[in-house]
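*Asks:* 3D, please:
(one chain, ligands or ions: 1)
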Amino acid sequence: MSAPRGLAPNATIGIVGGGQLGRMSALAAARLGYRCHILTPEPDSPAAQVSAGVTLGAFEDQAALRAFASHVDVITFEFENVSAEGLDLLAALKPVHPSPAVLRISQDRAIEKTFLNGIGVATAPWLAVTDMASLNQAASRLGLPAILKTTRLGYDGKGQTMLRTEADFAAAFAELEPKPLVLEGLVDFACEISVIVARGTDGGSTAFDAVENSHRDHILDMTFAPARIPADIAAEARDIARKVADALDLVGLLAVEMFVAADGRVLVNEIAPRPHNSGHWSIDACPASQFDLHIRAIAGLPLPQATRHADAVMKNLVGPEETALWPELLATPGLIPHLYGKAEARPGRKMGHVTRLFALGGLPGPFAIAAALGPLAAQDEMAASNPAIA
Ligand code: AMP
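*Replies:* The predicted structure follows:
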């Protein structure tokens, strides 16, 4: 018998980060016969609750990184903002997928956009901002309104401010940390979509269909699978995601967030080399979810196709109000509930999600979707309308 390909059963996968993405990755790893060991500074983290082991420590703590690496056979991430020195240390100790080079690109908006534009992938128009003079210059070239963003450590709308008039410049520049910054022209978008692609050690890749995302207070609220966009735009979005994964020589999972502009152009907003909130629907609607594909890719196992057997809507449970509906959600027929094990439902905190499945090709309109979400429908303004795309 030939040797089995990839990581052997019972091996230990190290996951950097203790959040829900790590939790759902660990659950998928367990189904494939692996153990997970988590690195996180947080006691009782969502990921550690379902894993075989945990190293409690800061992501920049060299002793913690060494201890973590000593427990594991391969390392992956659910949290990307590990310092360059930390990444190099981990890579010197154990195989790391995706590679530190990929993380360095995705950690920094300016490096990311330079990389994307360099491989011929369109983004919003942007310019680097290091001081007030470069901000003034960038604003006069890109026009107003425009969005000023930190290059690092931005997520869920944090680290960015809209500039409407010149009167906004000084306060916005002073407030946003860490510097440097980028200024982006405002995209007139019809909708926001994402594509999740998995790519294996042999360079083979598979991408889920494009999905459509709606946000509330800068936080992902709902995902519609598939995106309600013309087929040629959906195909272009998948092609872009695979092209980016190939150019990165990715091993693992990559989420590519994109705008579909009102004129039909597809522009990449940002990339994340890890499981993504907009892929949670795949747990319930696909033979192999984004988490299954993530684990298979980093373990060097064969990659099944990223197909789905149902259409789906995913709604996040954010903050105390939506989380308080948990008992009613459990009692609502057709809703598939997921809770992340977090002790406290602070405002803006992602506590869980629900998925509702529909027949393949049968994603209904906004009113039927609202009805299908039961008690959550009233919580939501149903940002579900999708203006026609030219
Ligand atoms: P980000 O942190 O870059 O993912 O941005 C968060 C959200 O802000 C996006 O999902 C968009 O809704 C909006 N946004 C960010 N950049 C732009 C842009 N250049 N034009 C229009 N909307 C944007």
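*Asks:* Near the ligand, which residues of the stretch 101-250 of the chain? Just list them.
*Replies:* 124, 147, 154, 157, 160, 184, 186, 187, 192, 215, 218 (CB under 6 Å from any ligand atom). Where you see a C-beta, it was placed from the backbone N, CA and C, and this is true even at glycine.
*Asks:* Now do the strands in the stretch 151-300 of the chain.
*Replies:* Along the stretch 151-300 of the chain, the stretches classed as strands by DSSP state E, counting those that start in this stretch are 160-163, 181-185, 189-199, 205-207, 211-216, 219-225, 252-261, 266-272.
*Asks:* Tabulate those strands (TSV), appending mean pLDDT and mean neighbour count.
*Replies:* Listed next are those as TSV, based on pLDDT from 0 to 100; neighbours: other CB atoms under 10 Å:
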stretch	mean pLDDT	mean neighbour count
strand 160-163	94	18
strand 181-185	96	23
strand 189-199	98	25
strand 205-207	98	21
strand 211-216	96	20
strand 219-225	97	23
strand 252-261	98	25
strand 266-272	97	21
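*Asks:* can you list the ones you listed in JSON lines and add distance to residue 344?
*Replies:* Shown next, in JSON lines, are the strands of the stretch 151-300 of the chain (distance: least, CB to CB, whole Å):
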{"stretch": "strand 160-163", "distance to residue 344": "26"}
{"stretch": "strand 181-185", "distance to residue 344": "32"}
{"stretch": "strand 189-199", "distance to residue 344": "28"}
{"stretch": "strand 205-207", "distance to residue 344": "36"}
{"stretch": "strand 211-216", "distance to residue 344": "20"}
{"stretch": "strand 219-225", "distance to residue 344": "17"}
{"stretch": "strand 252-261", "distance to residue 344": "27"}
{"stretch": "strand 266-272", "distance to residue 344": "25"}
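*Asks:* of the residues of the stretch 101-250 of the chain next to the ligand, closest to residue 347?
*Replies:* Taking CB to CB as the measure, residue 347 sits nearest to residue 218 out of those, at 12.6 Å.
*Asks:* what's the neighbour count on that closest one?
*Replies:* Neighbourhood size, residue 218 [other CB atoms under 10 Å]: 12.
*Asks:* Closest to residue 292 out of the residues of the stretch 101-250 of the chain next to the ligand?
*Replies:* Distances from residue 292 to these, taken by CB to CB, are shortest for residue 192, at 25.0 Å.
*Asks:* How far does the helix or strand that residue 68 is a member of sit from its chain's centre?
*Replies:* If you go by DSSP states H and E, residue 68 is part of helix 62-70. Here helix 62-70 is found 26 Å from its chain centre; the criterion is CA atoms, centre = their mean, to the nearest Å.
*Asks:* same question, stretch 210-225
*Replies:* That offset, for stretch 210-225, works out to 11 Å (CA atoms, centre = their mean).
*Asks:* In contact with residue 170, which residues are there?
*Replies:* residue 132 (CB atoms under 8 Å, 6 or more residues apart in numbering).
*Asks:* Could you report the pLDDT at it?
*Replies:* Looking at residue 170, its pLDDT reads 92.
*Asks:* And the helices in the stretch 201-350 of the chain?
*Replies:* Listed in chain order, the helices of the stretch 201-350 of the chain (DSSP state H, counting those that start in this stretch) span 231-248, 282-285, 290-299, 319-323, 326-330.
*Asks:* The first one vs strand 252-261, what angle?
*Replies:* Meaning helix 231-248. With axes from the mean of the first three to the mean of the last three CA atoms, to 10 degrees applied, the angle from helix 231-248 to strand 252-261 works out at 140 degrees.
*Asks:* the inter-axis angle of helix 231-248 versus strand 189-199?
*Replies:* 50 degrees.
*Asks:* list the buried ones in helix 231-248?
*Replies:* 233, 234, 236, 237, 238, 240, 241, 242, 243, 244, 245, 248 (16 or more other CB atoms under 10 Å).
*Asks:* Touching, the second one and residue 225? I think so.
*Replies:* This points to residue 234. No. With contact defined as CB atoms under 8 Å, residue 234 and residue 225 do not form a contacting pair (11.2 Å).
*Asks:* Need the overlap of contacts for the two.
*Replies:* By CB under 8 Å, 6+ apart, residue 234 and residue 225 have these common neighbours: residue 209.
*Asks:* so who does residue 20 touch?
*Replies:* 46, 47, 340, 350.
*Asks:* I should have written residue 296 there, sorry.
*Replies:* 6, 32, 198, 200, 288, 302, 303, 304.
*Asks:* just those residues now: which is nearest the ligand?
*Replies:* Top of the list for closeness to the ligand, among the contacts of residue 296 and by CB to the nearest ligand atom, is residue 198 at 21.4 Å.
*Asks:* gap between the nearest residue in space to that closest one that is not next to it in sequence and residue 82?
*Replies:* Leaving aside its sequence neighbours, residue 198 sits nearest to residue 293 (CB to CB, 6 or more residues apart in numbering; 3.7 Å). Distance of residue 293 to residue 82, given as CB to CB, to the nearest Å: 22 Å.
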